[in-house]
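In: The following block contains a protein sequence and its predicted model.
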Amino acid sequence: MTFMRASLATSLALLLAACGSSGDSGSGDGGSDLAPPTNATQITTAKEAAQSRLPCETAAGEFCDLRIYQVMTESFINGDGNIGHGEGYGTSHHMGDIQGIIDSLDYIAGLGVNALWLTPVFESAPVGGQSIWDDRLDATGYFASDFFKIDPNFGDLDKAKELVTKAHEKGLYVFFDGVFGHHKESGVQPSPNGLTPAGGHNPVDYTDPDTLAFFQEVTEYWTTELCLDGWRLDQAYQVPLSAWSEIQQTLNEAGTTNAANSACNVNGTQWGTLGYMVAEIWKGNSDIVNEAYGSNASPGLPSAFDFGRRYALVQTLAAEEEVANSGNSNKPATKLLESWHSHDTFPDHAQPNLMLGNHDLVRFGDLIQRGGLDNYWERHKAAFSYMAAYSGPITLYYGEEIGDEIPDYSHKTTNNCAERGLCDDHVARSSAKIAGVTDGFTPNAEQQDLMDYLSSLMEVRKNNPALYEGSVQNLYVDSSLLVISKETDSQQVVYFLNTSTSDRTANLSTTLINDNSQLKDLISGDVITADGNLLEVAISGLSGRLLLVE
């Protein structure tokens, strides 16, 4: 979505700033009074007991291992020069289409992800004489005029079927973007059963049962027509929690239909039965609970984007969107410890989804520059390592894998930013640069190295369930070092993150790893053997290490 972002981001930033640590990590400002020790850090007792409450912290969540790659359709790749919107918000060519995504599937799968989310592709038919602003809004897809037709600027039904089938052949789930709370101001076409949403266009009126029935029909149609695997839910707070429960049930029933549909069996694998739904609610955790998850007694949706931990991550390794021209403003590593407690209010079924950026946020590279920080590539790697160690689904925004950023854009632009394509809430909608697909683009050495590192992390995450569904135990934290244990019944991985530019060394007691005497680096393969009952772990500046207990 394009609108109502600045106030929500500000509110969330203020909420996060106001939160003190839920543990004993220091003062209410996130522990900035803690200075890193000058010698090796001794870690002999765990800071906090393990958490084993949410599904992805008990090995019981069906969506925990989702590694999603997000594309913004109109800004991604121009695969068919005969179609395209040509106008849009942001800095891209605005000519992206479904063929461009198809052309990029090998590249996407090669990153080690297992799912693809594309922003809305439903028709947004122009109304005669509409303004350029309406043209730009049409390109986003977030105000549809026909929820049962593919926008001809993106392709058609056959092209959409080709995309989903080929993605499935490459082992990728496919998620559509569900905009079930608003539509184009001029109105929408009726469903095949003659239904239309009631009330205004933004938001629609769910007190009228026709509205729910209409969007249930949308869900069922596309899920069964394409063997679709799930939905990302835009501005999910516009839809009542009770309606989300009904739509989730419709999706589950559609998955049952797909299981009996031979067309959904691709390369011996049944697709279209996952039934994933993830809510976008750009607010604080209490709102996410009330408007997405519901309660243990009355559950709503299974997943929502983890804005709280995302903000903690960028505040620690870069700067948040609200920071402009204020120099080095990043927070101590204790901020990340606070964020581990951000799930304490979530109901038991919640499976939060962590992202670094998306089409409504500033690219991580630009936030590094906004904070006046050096070590550009190392900060990306550190952030990716943190995501790899996250219990729950994760989402990567296109371009992050090459550290993409908007040239000469780091501070807020306020004068005519929408006309210039430089507003904070859409500046990341830049043209994709896909190796082997985008003409004239070849990754430089730093970009290729970052891609290779991310691919290695995704492979490690795939092969080590403790990372995506392990219980979490906070072993240690100070101003620049965070140490977390991730553990299942059969595996333990210890994650070290150094957020400073200086190298750190930690001496880890073997009592914290079930009296084992060896750690193996899951990226480099290096082995660390105990000297007595201590393991000496070196952590380079601005880096993370994932160490398997052996």
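Out: All right, it came through fine.
In: Now do stretch 251-258, average pLDDT.
Out: The pLDDT scores in stretch 251-258 average 98.
In: which parts of that stretch are buried?
Out: Judged by neighbour count using 16 or more other CB atoms under 10 Å, the buried positions of stretch 251-258 are Leu251, Glu253, Ala254, Gly255, Asn258. From N, CA and C alone the C-beta is placed, and that goes for glycine too.
In: same deal with stretch 189-198?
Out: Within stretch 189-198, the residues that count as buried by 16+ other CB under 10 Å are Gln189, Ser191, Leu195, Thr196, Pro197.
In: Tabulate the residues you listed (JSON lines), appending distance to Gly90, pLDDT and secondary structure.
Out: Converted to JSON lines, those look like this (distance: CB to CB, whole Å; pLDDT from 0 to 100; DSSP: H, G, I helix; E, B strand; the rest coil):
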{"residue": "Gln189", "distance to Gly90": "27", "pLDDT": "98", "secondary structure": "coil"}
{"residue": "Ser191", "distance to Gly90": "31", "pLDDT": "98", "secondary structure": "coil"}
{"residue": "Leu195", "distance to Gly90": "33", "pLDDT": "98", "secondary structure": "coil"}
{"residue": "Thr196", "distance to Gly90": "31", "pLDDT": "98", "secondary structure": "coil"}
{"residue": "Pro197", "distance to Gly90": "28", "pLDDT": "98", "secondary structure": "coil"}
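In: can you put those in JSON lines and add distance to Trp133?
Out: Below are the buried residues of stretch 189-198 laid out as JSON lines (distance: CB to CB, whole Å):
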{"residue": "Gln189", "distance to Trp133": "22"}
{"residue": "Ser191", "distance to Trp133": "28"}
{"residue": "Leu195", "distance to Trp133": "29"}
{"residue": "Thr196", "distance to Trp133": "25"}
{"residue": "Pro197", "distance to Trp133": "23"}
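In: now, among the buried residues of stretch 251-258, which is nearest to Ala292?
Out: Nearest to Ala292 among these: Leu251, at 14.9 Å, using CB to CB.
In: what sits against the closest one?
Out: By CB atoms under 8 Å, 6 or more residues apart in numbering, Leu251 lies in contact with Thr219, Glu220, Thr223, Gly230, Trp231, Gly275, Met277.
In: at 10 Å instead, please
Out: 178, 216, 219-220, 223, 228-231, 274-277 (CB atoms under 10 Å, 6 or more residues apart in numbering).
In: Please identify the helix or strand for it.
Out: If you go by DSSP states H and E, Leu251 is part of helix 241-259.
In: following that helix, which helix or strand comes up?
Out: Moving toward the C-terminus from helix 241-259, the next helix or strand (DSSP H and E) is strand 265-266.
In: which element follows that following strand toward the C-terminus?
Out: Assignment by DSSP H and E places the next element after strand 265-266 at strand 269-270.
In: Just the mean pLDDT for that next one, thanks.
Out: Average pLDDT, strand 269-270: 96.
In: Pull up the pairing partners for that strand, direction included.
Out: In the sheet, strand 269-270 lines up against strand 265-266 (antiparallel) (DSSP bridges).
In: contacting residues around the partner strand?
Out: Residues contacting strand 265-266 (CB under 10 Å, 6+ apart): 164-171, 227, 258-259, 271-272.
In: Which of the residues you listed are buried? Put it as a PyMOL command.
Out: In PyMOL, this line selects whichever of the contacts of strand 265-266 come out buried by 16+ other CB under 10 Å:
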select buried, resi 164+165+166+167+168+227+258+271+272
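In: Output the contacts of strand 265-266 as a markdown table; include the columns secondary structure.
Out: A markdown table is the format used below for these (DSSP: H, G, I helix; E, B strand; the rest coil):
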| residue | secondary structure |
| --- | --- |
| Val164 | helix |
| Thr165 | helix |
| Lys166 | helix |
| Ala167 | helix |
| His168 | helix |
| Glu169 | helix |
| Lys170 | coil |
| Gly171 | coil |
| Cys227 | coil |
| Asn258 | helix |
| Ala259 | helix |
| Trp271 | coil |
| Gly272 | coil |
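In: The contacts of strand 265-266 into a markdown table, with extra columns for distance to Trp282?
Out: As requested, the contacts of strand 265-266 are exported to a markdown table (distance: CB to CB, whole Å):
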| residue | distance to Trp282 |
| --- | --- |
| Val164 | 28 |
| Thr165 | 33 |
| Lys166 | 32 |
| Ala167 | 27 |
| His168 | 31 |
| Glu169 | 34 |
| Lys170 | 31 |
| Gly171 | 31 |
| Cys227 | 30 |
| Asn258 | 31 |
| Ala259 | 34 |
| Trp271 | 30 |
| Gly272 | 29 |
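In: of the contacts of strand 265-266, closest to Ala125?
Out: Val164 (23.3 Å).
In: Out of the contacts of Leu251, name the ones that lie in strands.
Out: Those of those mapping onto strands are Gly178, Gly230, Trp231, Tyr276, Met277, per DSSP state E.
In: which of the residues you listed sit farthest apart?
Out: Greatest spatial distance in those: Gly178 and Tyr276, 11.3 Å, computed using CB to CB.
In: Quickly list what's touching both of those two.
Out: Taking CB under 10 Å, 6+ apart as the contact rule, Gly178 and Tyr276 both touch Gly230, Trp231, Arg232, Leu251.
In: Which of those residues are buried, as a ChimeraX select command?
Out: To isolate the buried ones among the shared contacts of Gly178 and Tyr276 in ChimeraX, judged by 16+ other CB under 10 Å, type:
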select :230,231,232,251
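In: Tell me where this structure is predicted with low confidence.
Out: Residues of the chain meeting the criterion pLDDT under 70: 1-38, 324-328.
In: And the host helix or strand of Val174, what does it pack against?
Out: Using DSSP H and E, Val174 maps to strand 173-178. Packing partners of strand 173-178 (3 or more CB pairs under 10 Å, 6 or more residues apart in numbering; DSSP states H and E): strand 67-71, strand 115-118, strand 122-123, helix 157-169, helix 209-226, strand 230-233, strand 276-279.
In: can you put the ones you listed in JSON lines and add distance to Thr44?
Out: Shown next, in JSON lines, are these (distance: least, CB to CB, whole Å):
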{"stretch": "strand 67-71", "distance to Thr44": "35"}
{"stretch": "strand 115-118", "distance to Thr44": "40"}
{"stretch": "strand 122-123", "distance to Thr44": "57"}
{"stretch": "helix 157-169", "distance to Thr44": "48"}
{"stretch": "helix 209-226", "distance to Thr44": "52"}
{"stretch": "strand 230-233", "distance to Thr44": "44"}
{"stretch": "strand 276-279", "distance to Thr44": "39"}
